[in-house]
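Asker: fold the stuff below for me.
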Amino acid sequence: MEPHTSYLICATPRSGSTLLCEALENTGVAGHPKEYFEALKETGLPRRPKEYFETLGNSSVLELLGDYSRLEDVYGEPTLWDGTGYPLYLTTVLDDGTTANGVFGAKMMWGYFGDFIDNMRQIPIYREMPVPDILASVFPNLHYYTDLDLESGRAICDSRPAYT
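Answerer: Model prediction:
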C-alpha cells in the first residue's frame, strides 16, 4: 500500500525509541515502525559493533571486539538489502511499513542515515536532489519525531540496565 502520511522516529541508541515503536505498532493504525534503513551500503547488513570503531585508528579496541558478531547468528546472509535493486527494496519497505489506513512509520538512527542517503542517490531521480527533497519525495506528508520528543522513554530505557 502506498502511504499518504509518513513519520520517521529520528533517534539515537538508548533513547526509548524501541519502546515508542512497539507502542505505535500495537495501535494497528500508526504504521509498522522498524529500522528498515539500518543496512550498510556495502553489506546490506546492520552495522556490527566492530564497525562503530574502525575509524578510531586504535587497533586494540578492534582486537577486543574480535570478528564475531551476534548479528551473524541472526542475519547470516544479507536479508535487509542485498546491495542491488534499492528501488525494489524501498517499495517493499513502504509496503511493509504502512498500515491499512495509509500511515507509514520507520525508525532512522543517525548512524545509518548517511548510508540511506547514499543508497537513495543510486536511484537516478534522486542523484542530484537535496536531502530534504529526497525525504519529502519518498515519504509523503512526512513528520519527524526526535530524541527530544522521547524524554519519557529515555527515562525508562536508561533505568532498565540497572535492574536487569
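
Asker: what's around Tyr7, how many residues?
Answerer: Burial of Tyr7 is recorded as 21 neighbouring residues (other Cβ atoms under 10 Å). Bear in mind the C-beta positions are built from the backbone N, C-alpha and C, glycine included.

Asker: hmm, I was thinking of Ala39
Answerer: By the criterion of other Cβ under 10 Å, Ala39 has 25 neighbours.

Asker: okay, it: pLDDT?
Answerer: Looking at Ala39, its pLDDT is 73.

Asker: that one and Tyr89: what is the separation?
Answerer: Ala39 sits 8 Å away from Tyr89, going by Cβ to Cβ, to the nearest Å.

Asker: ok, Gly57 next?
Answerer: Distance, Gly57 to Tyr89, by Cβ to Cβ: 33 Å.

Asker: which one's more surrounded, those two?
Answerer: The neighbour count for Gly57 versus Tyr89, taken as other Cβ under 10 Å, is higher for Tyr89 (19 against 8).

Asker: which residues of this structure fall in helices?
Answerer: 17-27, 59-65, 70-75, 86-96, 110-120, 131-138, 151-163 (DSSP state H).

Asker: how is this protein divided into domains?
Answerer: The chain breaks down by automatic domain parsing into domains covering 5-44+81-163, 47-79.

Asker: ok, of those domains, where does mean pLDDT dip lowest?
Answerer: When the domains of the chain are ranked by mean pLDDT, domain 47-79 comes last with a mean of 63.

Asker: for the residue nearest to His4 when sequence neighbours are not counted, what are its contacts?
Answerer: Excluding its sequence neighbours, the residue lying closest to His4 (Cβ to Cβ, 6 or more residues apart in numbering) is Gly102, at 4.2 Å. Listed by Cβ atoms under 8 Å, 6 or more residues apart in numbering, the contact partners of Gly102 are Met1, Glu2, Pro3, His4, Thr5.

Asker: from those residues, which land in strands?
Answerer: Here DSSP state E is the test, and these give Thr5 as lying in strands.

Asker: compare the contacts of Gly102 and tell me which is most surrounded.
Answerer: Highest neighbour count within the contacts of Gly102, by other Cβ under 10 Å: Pro3, with 22 neighbours.

Asker: quick one: contacts for that residue?
Answerer: By Cβ under 8 Å, 6+ apart, the contact set of Pro3 is Gly31, Leu94, Gly97, Thr98, Gly102, Val103, Phe104, Phe139, Pro140.

Asker: what's the closest of these to Pro130?
Answerer: Lowest distance from Pro130 to the contacts of Pro3 (Cβ to Cβ) belongs to Phe139, with 14.7 Å.
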